[in-house]
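K.L.:
next come a sequence and a model predicted from it.
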Amino acid sequence: MEEKQVMIMGGGIAGLTAARDLAEFGVNVHLIEKSSFMGGYAIGYTCKASTECLQCGACSVEKTLKEATETPNIEFHLSTTVEAVSSENNKFSAKLKKGPFFIDPERCNNCGLCYEKSPEKGAVLRGYSKNNHPLYAITAEGIQSHRDFFASVCPEGAISVDAKATSETLGVDALIVATGFEPFDPNQKPTYRYAEHANVITGLDMERIKRTHGALVRPSDGQPPEKIAFIQCVGSRDERLGHLWCSRVCCPYALRSAQSIKTQSPEMDITIFYMDIQNIGKNFPEFYQTCKSDFRFIRSIPVDIFGEDNDRLSLRRFDETEGTTVMETFDLVVLSIGIMPNSENPAISKLLGIELDQDGFIDHNDALNQTLTSQNGIFVAGTASGPNSIPGSMAQAGHAAGEVLKYLGVTQ
Amino acid sequence: MTTAKNTREMEKIEIATDVLVIGGGYTGLKAADSIAETGYRVILADQKDAGTPGQSSLFGLQPDFQNSLDGLKDAVKANSRVEFLPEARIKTAAGVPGDFTIRLTSDGTEIEKKVGAIVVATDIVSTPLNHIYGLDLSDRVISLSDFEEKLSSADFKKKLDKDKQTVAFLAGFAQDGNPLLMKRILDSVLAVEEAGKNATAYVYINDIKVAGDNLERLYKAGRDAGAIYFKSTQPPEIKQQNDGPAILLHDPVIRSDIEAEPDYLVIEEAMTPGQVNSELADILRIDLGPMGFLQTDNVHRFPVHSNREGIYVIGSTRDIQDLSDTWTDVENAVLDIKQLLGDGTKEVPKFCAVVDREKCVTCLTCYRCCPHGAIYWDDKAVISPVACQACGICASECPQEAIQVTGYSDDELLEQIRTEISGIKNGDPKILAFCCENSALEAGRTADLFHYNLPKGLRLIRVPCAGKVDIHYVLSAFIEGADGVLVMACHPGNCKSETGTTFARWRINNAYQMLEETGIDKNRLEFVTLASNMAPDFAKIAVEMEKRIG
Ligand SMILES: Cc1cc2nc3c(=O)[nH]c(=O)nc-3n(C[C@H](O)[C@H](O)[C@H](O)COP(=O)(O)OP(=O)(O)OC[C@H]3O[C@@H](n4cnc5c(N)ncnc54)[C@H](O)[C@@H]3O)c2cc1C
Ligand code: SF4
Ligand code: SF4
């Protein structure tokens, strides 16, 4: 049988899962990732276990990335975008723009010298996982401002400051769109003053702080907070913003994180401001019961946040039972931001000739089969098509891989 | 850091490729259809006649659904690769993936089948929770299912409008609920409102479970159409009078009591797996999870794996799901089955865990402790190479030391312990960390690569599962001169082999006692649980150990 080629756009958990599953059936996979690292958002998350695993799924992303990198017939295209796609006789031709790659992956041994010695923070990026190779990436701006430094820092000679973007054309038989989501930008809710106060953080910030520090600390002083608030549904279920969807992951990540924080620091005072709590895991009733005894739940979404002394924060909200406005002060406020459509979706829709749904996610053409797009031979997986969790995205990606195999006529 | 290499020679064996599907509801039919499409023969066993919609099939007001179910049923029945076994009861299931022997009765006759894989697709049962509200069902106090039935009649809807009827829904106080139940309620609410401008829906509810496709929009559509929601964490007061139900609710927003005497009071329903799940768990030797669903809450099982290779759990067997999720499950199971059964010959590792038949006394300790159901016996214990996940729990539990895992034999591990410790520079506290390769090993290697501060005298020993760590290894480490020993497992509930963490913890507790008896300071041994993404924690734990013993 002729070898089949499949292109997957997006190297998040959905793209990685589909790539691994397809490769296991002998399909050649081209995994296209626009950033310098595979794994999408979730590769930067941390474990949310309390005294036991709470099934957040973050470690599944590590595991899948590892498995994918160990699978021979997946070609990883990092820092790559798809510039044009045409199709003829059930074949797609995709024009890629690749790089520039300032670090040669063949030579780089991930010693980290360029990162540690970098004259400017942010000029060198580091991946989150040991399975990201190279583990470091130098930005184009970094190269421009510090040419001489980068030209000489690497003992392996892996850095080339003159690297240029190249192009490549792929011929593929099918395509999976796994281009993921965008976290809600909290600046769209100006009364929360995210940009102004260091200790107003998003759920994503919380993940990254915990991942790098092993604990939650206040950005303002690096000290552990004593009293924290979670505000749910930030950007989700918001009629004013036209976001008529529940993001499905924020109740789970907020409460699981809160549990893991509480396990680390039993004295922590945690309040959850919410509209409705969504189910979390299979054993939700028991989990929720524990949460209710550990945290204070207030069914009211705060209106605004004000700065106080010592970088503390006051939340103002309307109290239904009192019929008045109340203020309360916290050390740290976590905004449980939700899942928004990738802002590139309109461009992707045009590029591939596939439709978007009314919310701006990639439309799935069939109410029951959520992996089919409006184009034959193009499939969708993960949060590209709407809010989903890690396990949910993985399941959909497995399903998409199955549909691709059927479409290509690959059996057994 | 050196680690034992897991070298595996492969061997080709022949396996059975028929697939047994248990349950002939929408999910089971869909599975039979998809599996047959890939070329395997399917045996579809249902308690009743397959294709009789189980209750879950009728959930929601889905007029097209019955048609599509009928279509699917006809297609499957016409498919020559599918054999129907109606009125079926599974009696026993012996063997291992690629070679299961199933005994069952169908229509009263006993049948034996050889299959390569098993798919479980049981239905959920929907039960009204009126008793929790202290209410009796009547003409006007009715279950959600019955109300859905009524709504399918155009006359009923006309009457709702003509007689200016009000319908109250009650949900979220007797249970937490779920998005599928919520969808049914939201659909019914909208149907009432759309029956005409004189029909009104009131919804008394706690949390609105909108974490599903389009539910927030559906919720809004109902409100826009005129439905009124009373959200509260406490249920309203309900009186069941002769002339119908009366509801009294204190509304905190307008600060007064609101009384309603609806024409219908619709009561929420619990959606739970049937008794059949626990029976099947016993027969198939697979783990029963929370609430009676047939899958533990363990990320390694998602989406459709059971703890046994070759047995897959799909649809409402494993969780409350809507039809699109069910379809996703089916296709994931098909993918797994294709991988497992292939063309009927399978490459299997020649050695995973292997039993030394000379040493085995058939005590069946291994049969009982294998979390993957990979062990059976003739006159001695036999381990199926297809089913074995090489966790090594059996090897460490076997009282005769008759089981060895390739690449991780006792001799190899003891040798490695010796070499690692002797390789540590004198003066550095010698710390040996036994790391599960699924979690702590990854965290440790990340900590190293990221240049986190780690003790100089730290060495990692890779194990396939913490459940492989024998007391013997720990004691040898001390005898060989280790100053500290860490046993690092996955968090409880995250162990790929389900019980590895439990076994490891239990053995380390025993090791503490032994240390006490031999006068070794207990602080020199520590058991911890970690995930692969916890490199900073790994470093902290190792450094603290160094401080303690330094
Ligand atoms: C704060 C927060 C916490 C969360 N916590 C949890 C949790 O604990 N558990 C859980 O299950 N879920 C959680 N989620 C949800 C989880 O992040 C998603 O389910 C998951 O990341 C989805 O994976 P994905 O592959 O669909 O998308 P992404 O993670 O977005 O990956 C998409 C990838 O595609 C790339 N890409 C985008 N556009 C293009 C393009 N045009 N060409 C090429 N590549 C492209 C991106 O760079 C990215 O690498 C959380 C979400 C948030 C916001
Ligand atoms: S809590 Fe999350 S990251 Fe931690 S072990 Fe469980 S699934 Fe993995
Ligand atoms: S998951 Fe929770 S926080 Fe997120 S949008 Fe839904 S209800 Fe709001």
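P.N.:
Received the coordinates, thanks. Ligands and ions are numbered 1, 2, ... in the order given.
K.L.:
where's the residue lying closest to B:K220 once chain neighbours are set aside relative to A:P252, distance?
P.N.:
The shortest distance from B:K220 to any non-neighbouring residue, by CB to CB, 6 or more residues apart in numbering or on different chains, is to A:L244 (6.1 Å). All C-beta atoms are positioned from the backbone trio N, CA, C, and that covers glycine. A:L244 sits 20 Å away from A:P252 when distances are taken as CB to CB, to the nearest Å.
K.L.:
does the residue nearest to B:K220 touch A:G360 like I think?
P.N.:
No - look at A:L244 against A:G360 with CB atoms under 8 Å: they stay out of range, at 11.5 Å.
K.L.:
which residues touch A:G57?
P.N.:
A:G57 makes contact with A:A42, A:S389, A:I390, A:P391, A:M394, B:V299, B:F302, according to CB atoms under 8 Å, 6 or more residues apart in numbering or on different chains.
K.L.:
again, only using 7 Å
P.N.:
Taking CB atoms under 7 Å, 6 or more residues apart in numbering or on different chains, we find A:G57 in contact with A:S389, A:I390, A:P391, B:V299.
K.L.:
so who does the first one touch?
P.N.:
Same thing as A:S389. Listed by CB under 7 Å, 6+ apart, the contact partners of A:S389 are A:G57, A:R248, A:V249, A:P252.
K.L.:
pick out whichever of the residues you listed sits closest to A:A140.
P.N.:
For the contacts of A:S389, the minimum distance to A:A140 (CB to CB) is 32.4 Å, reached by A:V249.
K.L.:
which pLDDT value goes with that closest one?
P.N.:
A:V249 carries a pLDDT value of 98.
K.L.:
ok so, going back, any chance of the contacts of A:G57 in a markdown table, plus pLDDT?
P.N.:
Shown next, in a markdown table, are those (pLDDT from 0 to 100):
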| residue | pLDDT |
| --- | --- |
| A:S389 | 98 |
| A:I390 | 98 |
| A:P391 | 97 |
| B:V299 | 95 |
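K.L.:
which one of the residues you listed has the most neighbours?
P.N.:
Counting neighbours by other CB atoms under 10 Å in any protein chain shown, the top entry in the contacts of A:G57 is A:I390, with 30 neighbours.
K.L.:
do you know how far the residue nearest to that residue when sequence neighbours are not counted is from B:I314?
P.N.:
Counting by CB to CB, 6+ apart, the nearest residue to A:I390 once its immediate chain neighbours are dropped is A:G57, at 3.4 Å. As judged by CB to CB, A:G57 and B:I314 stand 19 Å apart.
K.L.:
swap in A:Q264?
P.N.:
From A:Q264 to B:I314 the distance is 37 Å (CB to CB).
K.L.:
between the two, who's got more neighbours?
P.N.:
Counted by other CB under 10 Å, A:Q264 and B:I314 do not tie: B:I314 has more neighbours, with 32 against 15.
K.L.:
now do the contacts for the more buried one.
P.N.:
B:T27, B:A31, B:V119, B:A121, B:V304, B:D329, B:V330, B:A333.
K.L.:
the fourth one: neighbouring residues, count only.
P.N.:
The one in question is B:A121. Counted with other CB under 10 Å, B:A121 comes out at 30.
K.L.:
phi first, then psi, for it.
P.N.:
phi -140, psi 70 (degrees, to the nearest 10).
K.L.:
so it makes contact with B:A31?
P.N.:
Yes - contact criterion CB atoms under 7 Å: B:A121 and B:A31 qualify, at 5.6 Å.
K.L.:
can you list residues touching both of these two?
P.N.:
Residues touching both B:A121 and B:A31 (CB under 7 Å, 6+ apart): B:V21, B:I314.
K.L.:
domain assignment for chain B?
P.N.:
Domain assignment for chain B, taken from automatic domain parsing, gives B:17-123+B:274-343, B:127-270, B:349-403, B:410-549.
K.L.:
please see if the last one touches chain A.
P.N.:
Yes - under the criterion of CB under 7 Å from any CB of the partner chain, chain A is reached by domain B:410-549 at B:442, B:445-446, B:449, B:451, B:491-494, B:531-534, B:536-537, B:540.
K.L.:
alpha carbons only: can I get stretch A:168-178 in PDB?
P.N.:
Backbone C-alpha positions of stretch A:168-178 (Å, rounded to 0.1, in the frame of the first residue of the first chain) are rendered in PDB as follows:
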ATOM      1  CA  GLU A 168       8.600  23.800   2.100                       C
ATOM      2  CA  THR A 169       5.700  22.300   0.300                       C
ATOM      3  CA  LEU A 170       4.000  19.200   1.500                       C
ATOM      4  CA  GLY A 171       1.700  16.900  -0.300                       C
ATOM      5  CA  VAL A 172      -0.800  15.200   2.000                       C
ATOM      6  CA  ASP A 173      -3.900  13.000   1.800                       C
ATOM      7  CA  ALA A 174      -5.800  14.400   4.800                       C
ATOM      8  CA  LEU A 175      -5.700  17.200   7.300                       C
ATOM      9  CA  ILE A 176      -6.600  17.600  11.000                       C
ATOM     10  CA  VAL A 177      -7.100  21.100  12.400                       C
ATOM     11  CA  ALA A 178      -6.000  21.100  16.100                       C
END
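K.L.:
that stretch: which residues count as buried?
P.N.:
Counting neighbours by 16 or more other CB atoms under 10 Å in any protein chain shown, one finds that the buried residues in stretch A:168-178 are A:L170, A:V172, A:D173, A:A174, A:L175, A:I176, A:V177, A:A178.
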